[in-house]
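[1] Return atomic coordinates for the entry below.
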Amino acid sequence: MDIKDFKAGAFIQQSTGYKSFIPNGVDQTFTWEDSAINILLEKATLQLGGLNSFSQFVPDIELFIRMHIIKEATVSSRIEGTQTNIEDALVTKNEINPEKRNDWQEVNNYIKAMNHAIPRMEKLPLSSRLFKESHKILLESVRGEHKLPGEFRSSQNWIGGASINDAVFIPPPFREIDWLMGDLENFIHSNKVAVPHLIKIAIAHYQFETIHPFLDGNGRIGRLMITLYLISNKIIERPILYLSDFFEKHKGLYYDNLMAVRRKNDLTQWIKFFLEAVNQTCEIAAKSLQKIMQLRQDCQGSRIITLGKKVPNAKKLLDHLFTQPIVKAQDVAHLLKVSQVSAYKIIGDFVTAGILKETTGFKRNRYFIFQEYLDIFHR
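    Numbering: from 1, shown residues only. Here you go, the predicted structure:
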């Protein structure tokens, strides 16, 4: 089917008075004549391939992946209204102000869901079962814990508005979910559907968000699905690409383009938006990895090389900071197996070297932050 001929579905009047959108299936081959899609697809494919290759040459890439996941979890949750930032996500729950602990929990649940789903794909394909497992982790002990965690919804939901009567969008009735998700799974996995991977996941993400199979957490699971799809199809070897930051920065366009498919059948514009998201995100991710490598080289070289006998412990602490850039003296003491007095001394060396800085101004329970590193993830 040519994309321009795609019919997304129809708004159907329900007995209770509102109209819900029932999408058509997507398990088919899509074609297009719009040359702009070809140009964007070629660029996005090259960018993604380059980022994947680059990441395989970054020494100790696993050190940095945790921070990429934390950023994704923070931003994806922020799209849904949480207020937690990266710095908050890096400390323990007890160290967060009580009024922000629910947000902290939501972000950390997303991290747990991601860390569960990636290795799980070695035994379980990208499927409704995997989505349900991830969703159960996502809603554990948070505000949505009573909204059927790990299960597709058994009632009507809606997006926007104070009630269903003034909702911005009403997804299909729950009785349609099973066949729609089955169709989506077939589309994702079918070898007969001759569609490039980036086009396929663009369509799959749109369809998932339109089905909205859960009562809560659909946006986060739908965005998680993008990364999982790219990994499962070996487009990227490691979880280094996340589109939530782009979607959050262009939140209005993100929602408008999704709605334009439902209301105007404009799948073309959504695909263009998605491919541009991949392009820009790959550029930012590659630059970030370069900056991280340069920063690490600088810290290992000119900054800690002068510490003499402390260099082995300094390198160990530095590696730790690339996965956990906010520390306390007791953390360092535990990591290096030294006394707290010795921990404060090496922290002092790192402060003098411009690697760490104290953030609280307190005499006790002080936090030290690797600000240069965190700043890379704020850009």
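
[2] What pLDDT does the model give Arg379?
    Confidence at Arg379, expressed as pLDDT, is 66.

[3] Give the closest residue to Arg143 in space, chain neighbours not counted.
    Closest residue to Arg143 apart from its sequence neighbours, by Cβ to Cβ, 6 or more residues apart in numbering: Asn102 at 6.0 Å. For every residue, glycine as well, the C-beta is placed using N, CA and C.

[4] which element is the one you found on?
    Asn102 belongs to helix 101-120 when elements are defined using DSSP states H and E.

[5] Repeat that for Arg262.
    helix 251-264.

[6] What is that helix packed up against?
    helix 197-211, helix 267-298 (3 or more Cβ pairs under 8 Å, 6 or more residues apart in numbering; DSSP states H and E).

[7] could you give the angle of the helix or strand just after the longest one to helix 267-298?
    What it means is helix 267-298. Using DSSP H and E, the helix or strand that directly follows helix 267-298 along the chain is helix 311-321. Going by axes from the mean of the first three to the mean of the last three Cα atoms, to 10 degrees, helix 311-321 is angled at 170 degrees with respect to helix 267-298.

[8] just the strands in this structure please.
    Ranges of strands within the chain are 9-13, 19-23, 326-327, 357-358, 368-369, based on DSSP state E.

[9] Output the contacting helices and strands for the first one.
    When you say that, I think you mean strand 9-13. Judged by 3+ Cβ pairs under 8 Å, 6+ apart, the packing partners of strand 9-13 are strand 19-23.

[10] which other residues reach the strand it packs on?
    The set of residues external to strand 19-23 that reach it, using Cβ atoms under 8 Å, 6 or more residues apart in numbering, is 8-14, 156, 169-173, 176, 180, 207, 210-211, 262.

[11] before we move on, what about stretch 258-266?
    6-9, 21, 23, 168-169, 206, 209-210, 257, 267, 269-270.

[12] quick check, nearest of those residues to His378?
    Closest approach between the contacts of stretch 258-266 and His378, by Cβ to Cβ: Asn257, at 25.9 Å.

[13] show me the residues around that closest one that make contact.
    Residues in contact with Asn257, defined by Cβ under 8 Å, 6+ apart, are 266, 269-270, 273.
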